[in-house]
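# What would the 3D arrangement of this be:
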Amino acid sequence: MHIKEIRFNPNTDTHDIEFKTKHLRQFLMEGHKVKAYVMFKGRMITHPEIGHKLMSEIVEKLNDISKLEAPPKMEGKTLFAFFLPDKHKVQVYKDTLAKAGKTEEIPSKEDKTEKEKEKRCLNEIEQGIQEEIQGDRFRKDQKRKSLQKPYSYQEVCKKEKDI
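Predicted coordinates for the structure are as follows:
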């Protein structure tokens, strides 16, 4: 069990809140302890009720699969809460998903390593293509420079007289 942290801001948009709570939910389903915190910056601390409202919204969204270790606590400019996965609630949630025909897939470690390998391969391919493009550009520049007629001393003098 690891502690996973997700940071929120009092100005976090609703879509971002849903996205981040989805990640919190995945961590809890995997059996990790989760720390959600709202970080106040500058003068945001003058309105802590916004952060408390956000934290209560997060607590409500995660209440169906977790238990709150302690009520949200303010420390300095940070409001945080710890969530523990409730095994019974998680199992009930998985069962209801299975009955509904929806399976919330939790990627296994093997899947993650395969995805990482794919990403590395794609990055290597992209890097090779970029190097090839750079090489082509270099060759074209060299060819263009070689096709340019070099000035002779007489031509340079003639141009200077015309100017």
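
# buried ones in stretch 55-73?
Buried positions in stretch 55-73, judged by neighbour count with 16 or more other Cβ atoms under 10 Å: Met55, Ile58, Val59, Lys61, Leu62, Ile65, Ser66, Pro72. Yep, even glycine has a C-beta here, placed from its N, CA and C like the rest.

# tell me the centre residue of this protein?
Note on the chain: the residue nearest the mean C-alpha position is Lys20, at 10.0 Å, using Cα atoms, centre = their mean.

# Which of the buried residues of stretch 55-73 lies at the shortest distance from His15?
Proximity of the buried residues of stretch 55-73 to His15 (Cβ to Cβ) peaks at Lys61, which lies at 13.5 Å.

# list the contacts for the closest one?
Contact analysis of Lys61 by Cβ atoms under 8 Å, 6 or more residues apart in numbering lists Thr21, Arg25.

# Same check on Lys119?
Residues near Lys119 by Cβ under 8 Å, 6+ apart: none.

# Need the three-state assignment for it.
Look at Lys119: counting by DSSP: H, G, I helix; E, B strand; the rest coil, its state is helix.

# Tyr37 now?
Going by three-state DSSP: Tyr37 is strand.

# mind starting the numbering at 36 from now?
Got it, the first residue is 36 from now on, which makes the last one we talked about Tyr72.

# my read: it touches Phe117, true?
No. Judged on Cβ atoms under 8 Å, Tyr72 makes no contact with Phe117 at a distance of 9.5 Å.

# Quick one: neighbours of Glu110, just the number.
For Glu110, the neighbour count with other Cβ atoms under 10 Å is 8.

# Bridged to it, which residues?
Beta-bridge pairing for Glu110 (DSSP bridges): Thr113.
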